[in-house]
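> requesting a structural model of the entry that follows:
(one chain, ligands or ions: 1)
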Amino acid sequence: MTQNSELDQMRCFVCQSNEFEQISLNRNLLDASDFRASEYKTIDYSYFLARCKECGHSAIRTDNPCWMPTRKYDFIKYGEPNEHYPKVSLILRELSLDFNDTSIHTFSYKDFQLANFLANDLNISDINLNDHAGCSDDWLPVVSRNGKKQNPLPLERFITEIDKSEKSNQLILITRFFDHVANYTLLNKILGLSSPTRHIVFDLNDYERLFELGTLEFIWNERRNLFWRSHLESILQKHNLKYLMFSYESHEVSPTLTGVISEKLMVKPKAIATGVAISSAPNLTEKLVTLRQLWQGKLGMTHRLGIIGASHKGVSLAQFILSNHVQYSLHDDKEALRGKTPPVNPPLGFHLVSGFDFSDYSHVAITTTLAIAAKIIPKLRASGYTNEILDFDGQKLD
Ligand SMILES: [Zn+2]
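Okay, the predicted model is just below:
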């Protein structure tokens with residue numbers, strides 16, 4: 001269907017090698033956030049879970065030309081944690097900027113909450129809340145009349161907004177950018193925004209710690225880079241950027257890294273982090289094969305699986321873990337998803353959780369957060385459901 005030229009050109013974001021070991025996540029996949037407003041079918045792509053043979057960096061490789069996979073439609077939005085905001089604020093205070101003469105710029109709606117916090121905490125009045133990340137399809141390169149590829153429009157708008165700031169300093173918030181960036185030019189352009197008067201705040205999943213948890217639920221099509229801390233450090237160092245990074249635990253979300261990039265930081269130069277010990281990184285492709293086998297062992301032709309939670313995790317389970325023959329349905333009570341078409345085609349349909357009769361299901365998988373699962377399980381049991389309730393990794397939840 002698609003030519004794999006996009007895939008062939010894609011080099012490791014950390015070390016530029018083009019030698020990968022990889023496993024197909026599936027052909028004809030859509031991004032997990034691609035709930036559609038109608039039956040209209042978008043283009044499918046191939047996705048691979050890949051590991052760089054040179055440096056061990058794990059990534060999702062795909063022939064999807066989108067530079068920045070974000071949610072597909074505006075009706076899907078998720079909250080972000082905020083426990084770390086005071087620490088970010090503290091680091092920024094230590095830069096001794098004149099906050100009266102500073103503007104705040106957001107890359108995504110995910111930055112709005114932090115932007116508002118910093119504006120309030122640091123007394124910054126010039127705050128620009130714009131969702132440049134927008135939707136996935138905005139991030140396709142534009143081809144001009146002479147056939148030349150140009151930057152996607154949201155990137156142009158973001159850079160223009162920052163260039164136009166009349167303040168002496170700019171705070172640029174790029175929450176979750178590093179997880180999602182799918183194009184090396186885009187990575188370089190965003191890092192290239194750094195200057196003595198521009199200060200960048202980022203965060204990303206702490207994949208090193210996620211790997212240690214032994215789960216694979218964090219692998220989503222849209223998360224194109226599963227950067228280890230040392231991998232990201234090596235990229236920042238190659239760009240000669242000064243940075244400060246810290247990790248934090250949240251009750252709401254997975255382990256996360258947060259950092260500030262600024263030339264005003266007083267940090268000692270670190271030894272260049274190259275060639276992270278590959279042997280110490282678990283082999284995700286092997287783990288994925290094992291997980292597929294585990295689910296295959298559980299679900300025969302006569303079994304029925306109800307997947308509760310139709311966000312990335314639930315869709316990922318259906319898309320690239322389950323075998324094709326599995327009889328499953330997908331369930332979610334989110335108001336925004338009512339009447340929408342999910343990115344997978346569940347043989348037993350897409351339904352609500354509440355009021356649904358699971359009594360003739362042999363298995364239920366709950367792919368929400370544990371806090372939400374803890375509320376769902378007693379209700380399921382109270383309704384008389386007696387079979388296995390499992391998580392994404394096929395482990396029993398009660
Ligand atoms: Zn590499």
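
> buried residues, stretch 238-249. List them.
241, 242, 243, 245 (16 or more other CB atoms under 10 Å). For glycine as for every other residue, the C-beta is placed from the backbone atoms N, C-alpha and C.

> buried sites along stretch 215-235?
215-235.

> are we agreed that residue 245 is in a helix?
No. Counting by DSSP: H, G, I helix; E, B strand; the rest coil, residue 245 is not part of a helix but strand.

> distance of it from residue 307?
Separation of residue 245 from residue 307 (CB to CB, to the nearest Å): 35 Å.

> strands - which of the buried residues of stretch 215-235 land there?
Judged by DSSP state E, the buried residues of stretch 215-235 include 225, 226 as members of strands.

> would you turn the buried residues of stretch 238-249 into JSON lines with pLDDT and distance to the ion?
JSON lines is the format used below for the buried residues of stretch 238-249 (pLDDT from 0 to 100; distance: CB to the ion, whole Å):
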{"residue": "241", "pLDDT": "96", "distance to the ion": "19"}
{"residue": "242", "pLDDT": "96", "distance to the ion": "23"}
{"residue": "243", "pLDDT": "96", "distance to the ion": "20"}
{"residue": "245", "pLDDT": "94", "distance to the ion": "20"}
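
> adding distance to residue 115, write those residues out as TSV.
Below are the buried residues of stretch 238-249 laid out as TSV (distance: CB to CB, whole Å):
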residue	distance to residue 115
241	21
242	22
243	20
245	20
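
> my guess is residue 326 contacts residue 305, does it?
Yes. The criterion here is CB atoms under 8 Å, and residue 326 meets it with residue 305 at 6.1 Å.

> not counting its neighbours along the chain, what's nearest the residue in the stretch 201-350 of the chain that the ion sits nearest to?
The stretch 201-350 of the chain approaches the ion most closely through residue 231 (7.9 Å), counting by CB to the ion. Sequence neighbours aside, residue 14 is the residue nearest to residue 231 in space, at 4.6 Å (criterion: CB to CB, 6 or more residues apart in numbering).

> and that neighbour, how many neighbours?
Residue 14 has 26 neighbours, counted by other CB atoms under 10 Å.

> any idea how far it lies from the ion?
Distance of residue 14 to the ion, given as CB to the ion, to the nearest Å: 4 Å.

> and that residue, which helix or strand is it part of?
Under the assignment given by DSSP states H and E, residue 14 is not contained in any helix or strand.

> surely it and residue 57 touch.
Yes. Counting by CB under 8 Å, residue 14 does reach residue 57; the two are 4.3 Å apart.

> can you pull the residues that touch both of the two?
227, 231 (CB atoms under 8 Å, 6 or more residues apart in numbering).

> break the chain into its domains for me.
Residue ranges for the domains of the chain, per automatic domain parsing: 5-63, 85-279, 284-390.

> got these as TSV, with distance to residue 71 columns?
Formatted as TSV, the domains of the chain follow (distance: least, CB to CB, whole Å):
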stretch	distance to residue 71
domain 5-63	4
domain 85-279	6
domain 284-390	10
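
> and the pLDDT for residue 170?
Predicted confidence (pLDDT) for residue 170: 98.

> just residue 272 next, same as before
61.

> same check, this time on the one 4 residues further on
The predicted local confidence for residue 276 comes out at a pLDDT of 53.

> quick one: list the elements packing against the helix or strand where residue 117 lies.
Using DSSP H and E, residue 117 falls within helix 112-121. Using 3 or more CB pairs under 8 Å, 6 or more residues apart in numbering; DSSP states H and E, the elements in contact with helix 112-121 are helix 85-93, strand 102-106, strand 126-128, strand 169-175.

> tell me, what's touching residue 326 and residue 305 both at once?
Joint contacts of residue 326 and residue 305 (CB under 8 Å, 6+ apart) are residue 299.

> ok so, going back, gap between the residue nearest to residue 231 and residue 56?
On the measure of CB to CB, residue 14 and residue 56 end up 9 Å apart.

> what about the strands in the stretch 201-350 of the chain?
Remark: strands assigned in the stretch 201-350 of the chain by DSSP state E, counting those that start in this stretch are 225-226, 243-248, 256-261, 304-308, 327-331, 350-351.

> what pairs with the second one, parallel or antiparallel?
According to DSSP bridges, strand 243-248 forms sheet pairs with strand 256-261 (antiparallel).

> and the angle for the strand it pairs with with strand 169-175?
Between strand 256-261 and strand 169-175, the angle comes out at 160 degrees (axes from the mean of the first three to the mean of the last three CA atoms, to 10 degrees).
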